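**Student:** Starting from these lines, generate the structure:
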Amino acid sequence: MMKSWSLGAEDRVKLEAVIGYQFAEKERLDRALTHSSARSAKGSNYQRLEFLGDRVLGLCVAELLFQTFRDANEGELSVRLNQLVSAESCAKVADDLELHQFIRTGSDVKKITGKAMMNVRADVVESLIAAIYLDGGLEAARGFVLRHWKDRAVRADGARRDAKT
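**Tutor:** Residues are numbered from 1 along each chain as shown. This next block holds a predicted model:
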């Protein structure tokens, strides 16, 4: 079995300050930042966390929209939700937080650019949300989501229709 990777102390302090959350179980943060291509110990990449984080993000954003847009119908709320939890929106959050400097990938993934790399950044944001949720509970995860999605949620273009809708 390969050794699992972990952030250095200085990077951990910097990242925890940027995300506004300090982890009790440091390996959760490490796992949230590790792509499967990094060839670390089995099960120590972000894939399972990404699955959970997607659901926690959806719940927190749905709640935010429900409370913010009290007169909006289900259709408008759905359009807003889909836009806010999209890979593009999550990747923008990753860019705002400069997460790219902390993501661990294998050398083959380091060469990827464009949409594929956008998906990696988006996946890391979802896995980070799950790691916060597992480490600190729903309130901690909700706090992270509100800090990084609330302004995006209230923008006027939030209800524009996309190709799917």
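
**Student:** Mind jotting down where the helices sit in the chain?
**Tutor:** 9-19, 26-32, 47-68, 74-84, 87-97, 107-110, 114-136, 138-154 (DSSP state H).

**Student:** just for this structure, where's the confidence low?
**Tutor:** Counting by pLDDT under 70, the ranges of the chain that qualify are 1-5, 39-43, 107-116, 156-165.

**Student:** Return the residues in contact with the residue positioned nearest the centre of it.
**Tutor:** The residue lying closest to the centre of the chain (Cα atoms, centre = their mean) is residue 125, at 1.7 Å. Contacts here follow Cβ atoms under 8 Å, 6 or more residues apart in numbering; on that basis residue 125 touches 53, 90-91, 93-94, 97, 99. Every residue, glycine included, has its C-beta placed from N, CA and C.

**Student:** Need these in JSON lines (columns: neighbour count).
**Tutor:** Formatted as JSON lines, the contacts of residue 125 follow (neighbours: other Cβ atoms under 10 Å):
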{"residue": "53", "neighbour count": "27"}
{"residue": "90", "neighbour count": "27"}
{"residue": "91", "neighbour count": "22"}
{"residue": "93", "neighbour count": "24"}
{"residue": "94", "neighbour count": "23"}
{"residue": "97", "neighbour count": "19"}
{"residue": "99", "neighbour count": "21"}
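
**Student:** now, which of those sits nearest residue 16?
**Tutor:** residue 97 (11.3 Å; Cβ to Cβ).

**Student:** how near is the closest one to residue 145?
**Tutor:** 13 Å (Cβ to Cβ, to the nearest Å).
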